[in-house]
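Peer 1: When you get a sec, could you give me coordinates for this:
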Amino acid sequence: SGGGFDLAGWTHSAVTGTTNWTWSTAQHHDGTHSWYAQDIATVSDMVLVSPSFGVGATTTLSFYHTYAFESGYDGGTLEYSTNGGSTWTMVPVADYTLGAPSTVIPTTYSNPIGNETAWSGGTVGTMTQVVVNLHGDANMLNKTVQIRWHEGNDDSNASTGWYVDTVVISNAQTMGTCTTVSGPPGVQNGISGTAMKGTRAAVDGSQISVTWDNSCAGTQYEIVYGGSAQLPTSYSGTYGLTGVQCSIGSSGSYSWTGVPAVPGGSSYLWWLVVATDGATTEGSWGKNSSQERTGPGTGGSSQGATGACATTKSLVNTCGQ
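Peer 2: As a prediction, the model looks like this:
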């Protein structure tokens, strides 16, 4: 099978029932085999899921398939996720430039993909191509996405099923490259120590692997972020935040999917990892001093933390201080 279709990162699973995607030599566009999902006479659905990739200004998806489903009742859909597979959305028919699905599966016979537009009916034969304009969809552009092929069967009447081969992602964005730069807010305790770092994300919507020293044993951590235009120009200045990625765990590593776009008026996105106790106390970015820039606000002894993620700002319970 071509197009990198058999490389690491692909997954498949039976969502309802036990019938799953499998390799088959019965049909293929190139190579020796394709992926195959059987159309059975009991309620079932199964998914074939791509690795993550970034959608840029010219990214497209193409694949070849052939199918024979119980016409109008069983079928296959194409879906995408921008949050690592937590939720899935149908690829709109308007995104297709070739081979779009056209049958709305009914909800009356318990098909898990009921009320969705799917490929249905058909006759197994020479594989035909499907092309999807991913970059033309604002919900996917500049985001890290996964694609999945989702077959759904109702409670009666079987047919052959669905063969899929030669999946190609053209002009995908690679994982975002990062440049680590020394900079504000200076040293951790305002007096001495190792300077904190900011990171410039090169590709909006990319995925960044974040690692940090978790030796201060915070129960939970979060990422606070903003644009370069929101950074202070002097040690007496204060930060402005664009947002926060809450509850990233405490392991010392986190895969940040869908990195936000650079705010208007800024040239890059900066971010910091902040420790919390998982309940009411958020560690500050360091103690107040003349050599340290405080968190959002006007400064003073009440400042030093973001106040985000439903946490309480604290200068007493600061991480490692």
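
Peer 1: Every contact and neighbour count from this point should use C-alpha atoms.
Peer 2: Will do.

Peer 1: Show me the shaky parts of the stretch 51-200 of the chain.
Peer 2: 174-200 (pLDDT under 70).

Peer 1: Just the strands from it, written as ranges.
Peer 2: Counting by DSSP state E, counting those that start in this stretch, one finds strands in the stretch 51-200 of the chain at the ranges 53-54, 60-68, 75-81, 89-90, 96-98, 103-104, 117-118, 128-132, 144-153, 161-170, 178-187, 195-201.

Peer 1: Just tell me which of those strands ends up closest to residue 26.
Peer 2: Between residue 26 and those, the shortest separation by Cα to Cα is 8.9 Å, and it involves strand 161-170.

Peer 1: which of the strands of the stretch 51-200 of the chain sits most buried?
Peer 2: Of all the strands of the stretch 51-200 of the chain, strand 144-153 has the most neighbours on average by mean count of other Cα atoms under 10 Å, namely a mean of 26.

Peer 1: what's the angle from it to strand 60-68?
Peer 2: Taking axes from the mean of the first three to the mean of the last three Cα atoms, to 10 degrees, one finds strand 144-153 and strand 60-68 inclined to each other by 10 degrees.

Peer 1: Looking at the strands of the stretch 51-200 of the chain, which is nearest to residue 228?
Peer 2: strand 195-201 (9.3 Å).

Peer 1: Going toward the C-terminus from the closest one, what's the next helix or strand?
Peer 2: The C-terminal neighbour of strand 195-201 among helices and strands, as given by DSSP states H and E, is strand 207-211.

Peer 1: partners of the helix or strand following that next one, with directions?
Peer 2: Downstream of strand 207-211, the next assigned helix or strand under DSSP H and E is strand 220-227. For strand 220-227, sheet partners with direction are given as strand 243-245 (antiparallel), strand 269-276 (antiparallel), following DSSP bridges.

Peer 1: out of those, nearest to residue 147?
Peer 2: When the strands paired with strand 220-227 are compared by Cα to Cα, strand 243-245 sits nearest residue 147, at 23.9 Å.

Peer 1: from what I can see residue 91 touches residue 81, true?
Peer 2: No - the criterion here is Cα atoms under 8 Å, and residue 91 misses it with residue 81 at 9.7 Å.

Peer 1: Mean neighbour count, the strands paired with strand 220-227: which tops it?
Peer 2: Stretch with highest mean neighbour count among those: strand 269-276 (a mean of 23; mean count of other Cα under 10 Å).

Peer 1: List every C-alpha atom in that strand, with coordinates, as PDB.
Peer 2: Backbone C-alpha positions of strand 269-276 (Å, rounded to 0.1, in the frame of the first residue of the first chain) are rendered in PDB as follows:
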ATOM      1  CA  LEU A 269       4.000  33.700  21.200                       C
ATOM      2  CA  TRP A 270       5.700  33.400  24.600                       C
ATOM      3  CA  TRP A 271       4.700  30.900  27.300                       C
ATOM      4  CA  LEU A 272       5.600  29.800  30.800                       C
ATOM      5  CA  VAL A 273       4.900  26.700  32.800                       C
ATOM      6  CA  VAL A 274       3.400  27.500  36.200                       C
ATOM      7  CA  ALA A 275       3.000  25.100  39.200                       C
ATOM      8  CA  THR A 276      -0.200  24.800  41.200                       C
END
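
Peer 1: what inclination does that strand have with respect to strand 207-211?
Peer 2: With the same axes, to 10 degrees as the criterion, the two stretches strand 269-276 and strand 207-211 enclose an angle of 40 degrees.

Peer 1: sorry, back to before: do you know which of the strands paired with strand 220-227 lies nearest residue 104?
Peer 2: Closest to residue 104 of the strands paired with strand 220-227 is strand 243-245 (Cα to Cα; 37.3 Å).

Peer 1: which parts of the helix or strand just after that closest one are buried?
Peer 2: Along the chain past strand 243-245, the next helix or strand (assigned with DSSP H and E) turns out to be strand 253-257. Applying a neighbour-count criterion of 16 or more other Cα atoms under 10 Å, the buried positions in strand 253-257 are 254, 256-257.

Peer 1: quick one: contacts for the spatially closest residue to residue 87 that is not a sequence neighbour?
Peer 2: Nearest-residue entry for residue 87: residue 81, 6.0 Å, with adjacent residues in sequence omitted and distances by Cα to Cα, 6 or more residues apart in numbering. Contacts for residue 81 were tallied using Cα atoms under 8 Å, 6 or more residues apart in numbering; they are 87-89, 145-147.
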